[in-house]
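3D model of this:
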Amino acid sequence: MPKFQVLSRVDAYVDYTCEVEADSAEEAVDLAYSGDVPVTWDKQGVVEFDAVRMSAIDERGEDIDGYTRGKG
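Next up is the predicted model:
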């Protein structure tokens, strides 16, 4: 099963990523967003952002297919 990096923007200014095994980027985001799989969130850095959102990202940190869950 493929693994996807999921980006979570939380707490107004902090980015976190985790790795999720799933059949698709969309499923990976849904699993991380719902808390249905255990993940370890790694702090990545600080960014100005005021909502909570999660999206699958590629190796460049870009959204995969623009699929996002949460506020954005």
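
for the least confident helix or strand in the chain by mean pLDDT, packing partners?
Across the helices and strands of the chain, mean confidence by mean pLDDT, DSSP states H and E is lowest for strand 63-70: a mean of 73. In terms of contacts (3 or more Cβ pairs under 8 Å, 6 or more residues apart in numbering; DSSP states H and E), strand 63-70 is packed against helix 25-34, strand 53-57. (C-beta placed from N, C-alpha, C; glycine too.)

quick check: mean pLDDT of whichever helix or strand comes after the longest one?
So that's helix 25-34. The C-terminal neighbour of helix 25-34 among helices and strands, as given by DSSP states H and E, is strand 42-46. On average, the pLDDT along strand 42-46 is 84.

for strand 42-46, packing partners?
Checking 3+ Cβ pairs under 8 Å, 6+ apart, strand 42-46 ends up next to strand 14-21.

buried residues of the strand it packs on, list them for me.
For strand 14-21, burial by neighbour count (16 or more other Cβ atoms under 10 Å) applies to 15-18, 20.

quick one: buried residues of the least confident helix or strand of the chain?
64, 67-69.

dump the residues you listed to TSV, plus distance to Arg9.
Formatted as TSV, these follow (distance: Cβ to Cβ, whole Å):
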residue	distance to Arg9
Ile64	15
Tyr67	14
Thr68	10
Arg69	11
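
which among the residues you listed gets closest to Val46?
Proximity of these to Val46 was ranked by Cβ to Cβ; the top entry is Thr68 with 19.7 Å.
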